[in-house]
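K.L.:
Pasting a predicted model and its sequence here:
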Amino acid sequence: MVSAGVMKLILKAQRNELSEYQVYTKLASRTSNVKNKELLLHLAKDEMLHHDFWKKYSKQDVEASGLKVFWYTLLIRCFGLIFGIKLMEGREDLSHHEYIQIYDAVPGARKIEENEDGHESRLIRLLSDKSTQYTGSIVLGLNDALVELTGALAGLTLAFQKTTLVAIAGLITGIAAAFSMSASEYLSVKAEGSKKPPLTAAVYTGIAYIVTVFFLVFPYFVLSNPFFALLWTISNALIVILLFTFYISAVQEVSFAHKFFEMTGLSLGVALITFGIGYVIRIFFNIDLL
């Protein structure tokens, strides 16, 4: 006899499997990539088999979560196949602790958990996604913009102490650096003989750089106090790092904390050093623009 608590978990797992079946089926019907279609249909079949397994114990029909199907389908369309699927699979409705609770009542539950952690994960890694092909180029643009411009704005803030001048100088510096970085990425990809088009990689790098530049410089156009503007800029930098680290950790299956603190340490470390350089330059050249 299955307890009420275990039955609740079984129904939860059954609904989850049916929801993911619908996500994979929708994705398979929309993709033109033959390999991806086959893999997605295989994943959909696995989810339905798992649903049928849980149904043998629940003896009930369940409805898929329309919200979950809509949400992950939308995420995948906006941010790419690999990101959306890995995020979905990484947030299984049953945790390992919950699986342990139903092992005795449902003998095959352990095999279902192992299948999701092993077989399904291997299939997902075989999926092709153009949006992740240029992840390295985007990382290059974002990382360089964060490190270089946060540092430059910190130095300019203390050297000039006038938001308008800092904003203009930061914008010119950032846009020039974006073109320079795009050109470097183009030459680098071309020299490597990579399969990805060098021009497209350069465009991704440049766009990532310029968007980050505007996001970091924006506070200096709004505030009159340069030091409050710098604090806002640093907050913006942390937001960019947080969001992008979340994306990278899901796609590349790396530690979120390690990547976040690594990028944060680089950006804030350079900002602190250039802030000191700005102070030295201001004193040495006796700059006073107030």
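P.N.:
Yep, it's here. Fair warning: this is a prediction, and the values are worked out from it, not measured in the lab. Numbering: from 1, shown residues only.

K.L.:
Quick check: the gap between the one residue sitting closest to the centre of the chain and residue 203.
P.N.:
In the chain, the centroid-proximal residue (CA atoms, centre = their mean) is residue 247; its distance is 1.0 Å. For residue 247, the distance to residue 203 equals 19 Å [CB to CB, to the nearest Å]. No exception for glycine: its C-beta is placed from N, CA and C like everyone else's.

K.L.:
on that earlier part again, ok, the residue nearest to the centre of the chain - contacts?
P.N.:
Shown in contact with residue 247 (CB atoms under 8 Å, 6 or more residues apart in numbering): 79, 83.

K.L.:
Which helix or strand contains it?
P.N.:
Element membership for residue 247 (DSSP states H and E) is helix 226-252.

K.L.:
averaged over its residues, what pLDDT does that helix have?
P.N.:
Averaging pLDDT along helix 226-252 gives 86.

K.L.:
which parts of that helix are buried?
P.N.:
By 16 or more other CB atoms under 10 Å, the buried positions in helix 226-252 come out as 226, 229-230, 232-234, 236-238, 240-241, 244-245, 247-251.

K.L.:
Which parts of the stretch 101-250 of the chain are helices?
P.N.:
Along the stretch 101-250 of the chain, counting by DSSP state H, counting those that start in this stretch, helices occupy 109-117, 119-125, 130-133, 135-160, 163-192, 198-222, 226-252.

K.L.:
Need the winner for burial among the ones you listed.
P.N.:
Most buried of the helices of the stretch 101-250 of the chain by mean neighbour count (mean count of other CB atoms under 10 Å) is helix 135-160; its value is a mean of 23.

K.L.:
So for that helix, mean pLDDT?
P.N.:
Helix 135-160 carries an average pLDDT of 81.

K.L.:
Could you do stretch 61-75 as well?
P.N.:
In this model, stretch 61-75 has a mean pLDDT of 89.

K.L.:
still on that earlier bit, closest to residue 29 out of the helices of the stretch 101-250 of the chain?
P.N.:
For those, the distance to residue 29 is smallest for helix 119-125, at 17.9 Å, taking CB to CB.

K.L.:
which regions of the chain sit below the pLDDT cut-off?
P.N.:
Applying pLDDT under 70 to the chain flags residues 1, 91-97, 99, 115-123, 125-126, 128-133, 194, 275, 278-279, 281-290.

K.L.:
tell me the domain ranges of it?
P.N.:
Annotated domains of the chain cover 4-126, 134-284 [automatic domain parsing].

K.L.:
sorry, back to before: I'd like to know how far the residue nearest to the centre of the chain sits from residue 158.
P.N.:
Relative to residue 158, and taking CB to CB, residue 247 is found at 33 Å.

K.L.:
Also residue 70?
P.N.:
From residue 70 to residue 158 the distance is 49 Å (CB to CB).

K.L.:
mind putting the helices of the stretch 101-250 of the chain in TSV, distance to residue 30 included?
P.N.:
Formatted as TSV, the helices of the stretch 101-250 of the chain follow (distance: least, CB to CB, whole Å):
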stretch	distance to residue 30
helix 109-117	24
helix 119-125	17
helix 130-133	14
helix 135-160	22
helix 163-192	29
helix 198-222	23
helix 226-252	20
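
K.L.:
Can you verify my assumption that residue 206 contacts residue 180?
P.N.:
No - between residue 206 and residue 180 there is no contact under CB atoms under 8 Å: 9.5 Å.

K.L.:
rewinding a little: among the helices of the stretch 101-250 of the chain, which is nearest residue 26?
P.N.:
Per CB to CB, nearest to residue 26 of those: helix 119-125, 16.2 Å.

K.L.:
Find the residue closest to residue 218 in space, skipping its chain neighbours.
P.N.:
Once flanking residues are discounted, residue 218 sits nearest to residue 236: 7.3 Å by CB to CB, 6 or more residues apart in numbering.
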